[in-house]
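[1] One predicted model, sequence on top.
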Amino acid sequence: MLFYFILFCLYVSFLKPLTFLYTGFNGNVAQSIVTDRNYLLILNHTQLSAQAVQNFPSKTYSVFLAIGILFALIAATLLMRAGIQILRSLQRQQYFSLHNVHQLKHIVIAQLFGISADLFIATANQILRTNLYRINSQLTISWSDLPQDIILLIVLGLVYFIYDKAVLLQQENELTI
């Protein structure tokens, strides 16, 4: 039941990127970033010119951030759904099934969405860091996070590949008996 509540919350949170787009196209994003305590100052950049605030690419920043958050939510949703399905299979003692292989494939796809999300959020954070000398303390994703995400993708891909081959071997073994 808790899993379904978490999934419901994930589905509702798909509205969050729309708020970033709305404020990016209608509001003064730069001014709200400068005054918000969630955006930390970079050392040696304590003063910011009014021209920098005025020339901040709010629309570009908002689009990158919204796409990144949308991809992250898709990744989290795929991961949660696949995890729930795998746990159900384990409860039914179906350890080596094609259903589990399919769910592992969803986990690999979720990691691909996660990497894509990191690319967009890191780009948005770079725009923020370059133009307003701020760091988003809530979404601290940067370019240095990508190598570990790629390594995780490789590991998940290997687990998927090995598990897929194990299921195929088991099915062949069951047919020969």
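    Ah, there it is.

[2] Quick check: residue 80 vs residue 16, distance?
    For residue 80, the distance to residue 16 (Cβ to Cβ, to the nearest Å) stands at 16 Å. For the C-beta atoms, the positions are set from N, CA and C on the backbone; glycine is no exception.

[3] between these two, which one's more packed in?
    More crowded of residue 80 and residue 16, by other Cβ atoms under 10 Å: residue 80, with 17 against 14.

[4] show me the contacts for the nearest residue to the more buried one once chain neighbours are set aside.
    In space, residue 80 comes closest to residue 7 once its chain neighbours are excluded; the distance is 5.7 Å by Cβ to Cβ, 6 or more residues apart in numbering. For residue 7, the contacting residues are 77, 80, 81, 84, by Cβ atoms under 8 Å, 6 or more residues apart in numbering.

[5] any idea which helix or strand carries the second one?
    Counting by DSSP states H and E, the element that carries residue 80 is helix 58-91.

[6] Residue 29 - how many residues pack around it?
    What residue 29 shows, counting by other Cβ under 10 Å, is a neighbour count of 22.

[7] now do the one 3 residues further on
    Here the neighbour count serves as a burial measure; for residue 32 (other Cβ under 10 Å) it reads 12.

[8] List the contacts of it.
    residue 23 are the contacts of residue 32 under Cβ under 8 Å, 6+ apart.

[9] For residue 58, see how far away it is.
    Following Cβ to Cβ, the distance that separates residue 32 from residue 58 is 10 Å.

[10] What ranges does this structure have for its helices?
    Applying DSSP state H to the chain gives helices spanning 2-12, 16-26, 29-35, 50-54, 58-91, 98-132, 146-176.

[11] Buried ones among the contacts of residue 7?
    Neighbour-count burial (16 or more other Cβ atoms under 10 Å) is assigned, among the contacts of residue 7, to 77, 80, 81.

[12] Find the nearest non-adjacent residue to the first one, please.
    Using Cβ to Cβ, 6+ apart and skipping residues adjacent in sequence, the residue nearest residue 77 is residue 10, 4.9 Å away.

[13] measure the one you found to residue 19 for me?
    Noted for residue 10: a distance of 16 Å to residue 19, by Cβ to Cβ.

[14] close enough to count as contact, residue 109 and residue 78?
    Yes: Residue 109 lies in contact with residue 78 (Cβ atoms under 8 Å); the separation is 6.1 Å.

[15] Between the two, tell me which one has more neighbours.
    Set residue 109 next to residue 78 and count neighbours by other Cβ under 10 Å: residue 78 wins out with 21 against 17.
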